[in-house]
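Visitor: Output the structure for:
(one chain, ligands or ions: 1)
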Amino acid sequence: MFEKLSLPVIKESIVTINGTTYALATIASPTRNQLLVAGNVEGFEGKIRDDGTLLGPLSAENARLLRQRLPWLQPVVLGLQTSAGFGDRLGIATPGHVRAIRPTNVAPIFAQQSVRENTRTGRSPQEVLDDAMWGAFQAGWYAPWGADADHMKTLADIEPFVAAGYTFYTIDPGDYVDDAAETDDDATLAAKVAALPWNDLQSSLQQATERYLKRFDLGDLSLAFDEHTLHKALAKYGGALAHTARMTQRLKELSGRRPFEMEISVDETGTTTTLLEHFYIASELQRLNVPFVSLAPRFVGRFEKGVGYIGDLEELERNIAGHASIMRFFGNTYKLSLHTGSDKFEVYPLAMRHTAGLVHLKTAGTSYLEALRLLASYDTTLFRSIWDFARSRYEIDRKTYHVSASLERTEPASNLTDEQLPDLLNQFDARQVLHVTFGSVLDTFGPRLRQVLLTNLPAYYDYIQRHFERHLKDFQKGETLSGSL
Ligand SMILES: [Zn+2]
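Guide: Got it, this is the predicted structure:
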């Protein structure tokens with residue numbers, strides 16, 4: 001259809017449906033993609049060319065119309081499939097994500113940004129979803145994919161994500177998690193429990209006591225609440241569950257009949273989620289009719305940004321096995337979510353084995369780090385500026401993240417040769433410094449960084465593919481979920 005065009009059409013994107021052909025073409029200087037439509041061009045923004053084809057921008061309106069014409073470009077719910085979420089702070093990495101996930105049977109979430117990330121990058125939920133959609137279209141992805149409204153904390157966070165058509169809503173009630181309960185004395189716990197918003201919990205202390213103050217036999221594990229551990233669980237997570245119930249109510253109102261799924265994340269809290277607490281949370285979510293398909297507890301040890309697991313791996317394995325037993329007790333109706341999941345290569349096989357594949361992997365910042373890895377080889381001058389700037393911002397920008405990198409263990413750019421620069425992306429401290437400073441870096445260097453990437457896109461996709469192939473290889477299931485249960 002487009003053979004005679006003088007434009008470089010991206011082959012993987014070409015698709016014909018109902019007599020109309022759609023594709024992306026790459027325009028040089030400045031490098032950008034444009035939408036080509038041949039056939040029924042009605043409604044699309046752009047210019048009609050001499051041959052009758054339309055060439056238009058990757059605008060919100062064209063994205064909306066294209067989703068209507070090509071329904072597989074709409075995100076959908078993914079249910080209990082083993083899945084992976086790829087945050088993409090620059091909005092250009094999706095074709096690389098597609099290349100990494102295509103040979104696997106893992107279900108992808110291509111659009112995934114938290115409210116915090118959107119604030120720092122200045123992108124809207126709609127822009128994030130559209131960028132991912134254009135990437136999926138470019139790479140010729142026809143299978144289901146999801147869109148994650150990540151770490152929503154307040155009622156006001158929800159609406160723009162629903163309006164944009166997200167399908168996976170991650171509720172983070174962390175502001176209502178009371179970490180102090182971990183060390184409170186019994187009198188303080190009793191007072192806190194009495195003051196819980198029992199109305200929102202559609203329950204009472206007496207009912208909660210009747211329901212939980214006993215022993216639960218989970219087959220390979222036995223869990224027993226006593227008054228102290230029950231009050232601690234209630235005081236610590238009761239307010240968070242009430243908030244989750246309110247968030248769910250709002251989400252149901254706004255979504256109407258559109259299907260959606262939810263994840264509850266308490267991973268970014270100050271204390272570990274004990275097995276008893278996981279049990280209490282999951283049980284309450286079911287009782288409150290929260291349609292959750294995924295739960296992100298805070299595991300033992302430390303999951304920090306962009307680096308491997310920190311802690312005792314055997315202890316973590318026992319911990320994950322316990323979480324998995326609880327999931328089975330509740331009918332295997334949700335996945336165990338690994339937040340801050342990038343680079344935890346030692347954790348993936350454990351999670352897959354114990355949950356029989358009921359896992360969601362969530363990675364947020366590593367596509368950005370791969371962009372910097374490319375930069376360290378392709379534009380050392382710009383990389384040096386970014387590296388020194390990131391070091392100057394680290395102590396400020398690290399505040400809302402779980403990181404432990406120390407600036408003293410890093411060197412300014414002037415102490416490094418060009419050959420040493422790419423290796424910064426392999427070093428613990430440097431990775432974290434670069435990881436958490438993305439907002440400030442993009443504010444200052446975003447357009448220049450983007451330009452380098454746009455002129456080297458095939459190389460960037462290679463970096464992304466290589467990086468995520470390493471992540472996804474342990475998520476291959478040897479047998480089907482039903483076959484292994
Ligand atoms: Zn998280």
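
Visitor: contacting residues around the strand or helix carrying Tyr22?
Guide: Assigned by DSSP states H and E, Tyr22 belongs to strand 20-27. Identification of contacts with strand 20-27 by Cβ atoms under 8 Å, 6 or more residues apart in numbering yields 1-2, 5, 7-10, 13-16, 32-41, 55, 66, 69-70, 134, 137-138. For the C-beta atoms, the positions are set from N, CA and C on the backbone; glycine is no exception.

Visitor: Give me the buried entries from the residues you listed.
Guide: 2, 5, 7, 9-10, 13-15, 33-39, 41, 55, 66, 69-70, 134, 137-138 (16 or more other Cβ atoms under 10 Å).

Visitor: Now, those residues that are in strands?
Guide: When DSSP state E defines the strands, the subset of these inside them is 15, 33-38, 55.

Visitor: and the residue of the chain nearest the ion?
Guide: Residue nearest to the ion within the chain (Cβ to the ion): His339, separated by 3.2 Å.

Visitor: how would you label the residue nearest to that residue when sequence neighbours are not counted: helix, strand or coil?
Guide: Of all residues not flanking His339 in the chain, Asp267 sits nearest, at 4.2 Å (Cβ to Cβ, 6 or more residues apart in numbering). Three-state assignment for Asp267 (DSSP: H, G, I helix; E, B strand; the rest coil): coil.

Visitor: For Asp267, list the residues it contacts.
Guide: Per Cβ under 8 Å, 6+ apart, neighbours of Asp267: 296-299, 303, 337, 339-340.

Visitor: pLDDT value on it, please?
Guide: The confidence metric pLDDT takes the value 91 at Asp267.

Visitor: go on, Leu7?
Guide: pLDDT, read off for Leu7, is 77.

Visitor: That one against Leu36, yeah?
Guide: Yes - Leu7 is within contact range of Leu36, at 7.2 Å (criterion: Cβ atoms under 8 Å).

Visitor: which residues are in contact with both of the two?
Guide: Joint contacts of Leu7 and Leu36 (Cβ under 8 Å, 6+ apart) are 25, 55.

Visitor: which parts of this structure sit against the ion?
Guide: Within reach of the ion by Cβ under 5 Å from the ion, the chain has these residues: 267, 339.

Visitor: Recalculate using a threshold of 6 Å.
Guide: Contacts of the chain with the ion, taken as Cβ under 6 Å from the ion, map to 151, 265, 267-268, 339-340.

Visitor: out of those residues, who has the most neighbours?
Guide: Neighbour counts for these (other Cβ atoms under 10 Å) peak at His339, which has 26 neighbours.

Visitor: is it true that that residue touches Ala296?
Guide: Yes - taking contacts as Cβ under 8 Å, His339 lies within contact range of Ala296: 4.6 Å.

Visitor: overlap in contacts of those two?
Guide: 265, 267, 362.

Visitor: excluding its backbone neighbours, what's nearest the first one?
Guide: This points to Ser265. Spatial nearest neighbour of Ser265, excluding adjacent residues (Cβ to Cβ, 6+ apart): Ala296 at 3.8 Å.

Visitor: how much space between the one you found and Ile171?
Guide: Separation of Ala296 from Ile171 (Cβ to Cβ, to the nearest Å) stands at 10 Å.

Visitor: and stretch 409-422, average pLDDT?
Guide: 98.

Visitor: again with stretch 438-449
Guide: 95.

Visitor: Same question for stretch 138-146.
Guide: 98.

Visitor: what comes up buried for it?
Guide: Buried, per 16+ other Cβ under 10 Å, within stretch 138-146: 138-141, 144-146.

Visitor: who touches it?
Guide: With Cβ under 8 Å, 6+ apart as the criterion, stretch 138-146 contacts 10, 12-13, 15, 24, 33, 72, 75-78, 83, 85, 94-95, 98-99, 102, 107-111, 132, 136, 167-168, 261.

Visitor: Compute the number of surrounding residues for the closest residue to Thr82 other than its chain neighbours.
Guide: Distance criterion Cβ to Cβ, 6+ apart; nearest residue to Thr82, sequence neighbours excluded, is Gly357 at 4.7 Å. Gly357: 22 surrounding residues under other Cβ under 10 Å.

Visitor: So which other helices or strands are in contact with the helix or strand encompassing Thr119?
Guide: For Thr119, the host element (DSSP H and E) is helix 115-121. On a contact count with 3 or more Cβ pairs under 8 Å, 6 or more residues apart in numbering; DSSP states H and E, helix 115-121 meets strand 146-152, helix 438-454.

Visitor: send the alpha carbons of that helix over as PDB?
Guide: C-alpha atoms of helix 115-121 as PDB (Å, rounded to 0.1, in the frame of the first residue of the first chain):
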ATOM      1  CA  VAL A 115       1.100  10.000  40.300                       C
ATOM      2  CA  ARG A 116       4.500  11.000  41.700                       C
ATOM      3  CA  GLU A 117       6.300  10.300  38.400                       C
ATOM      4  CA  ASN A 118       3.700  12.200  36.400                       C
ATOM      5  CA  THR A 119       4.200  15.200  38.700                       C
ATOM      6  CA  ARG A 120       8.000  15.000  38.300                       C
ATOM      7  CA  THR A 121       7.900  14.500  34.500                       C
END
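
Visitor: Many thanks, I have nothing further to ask.
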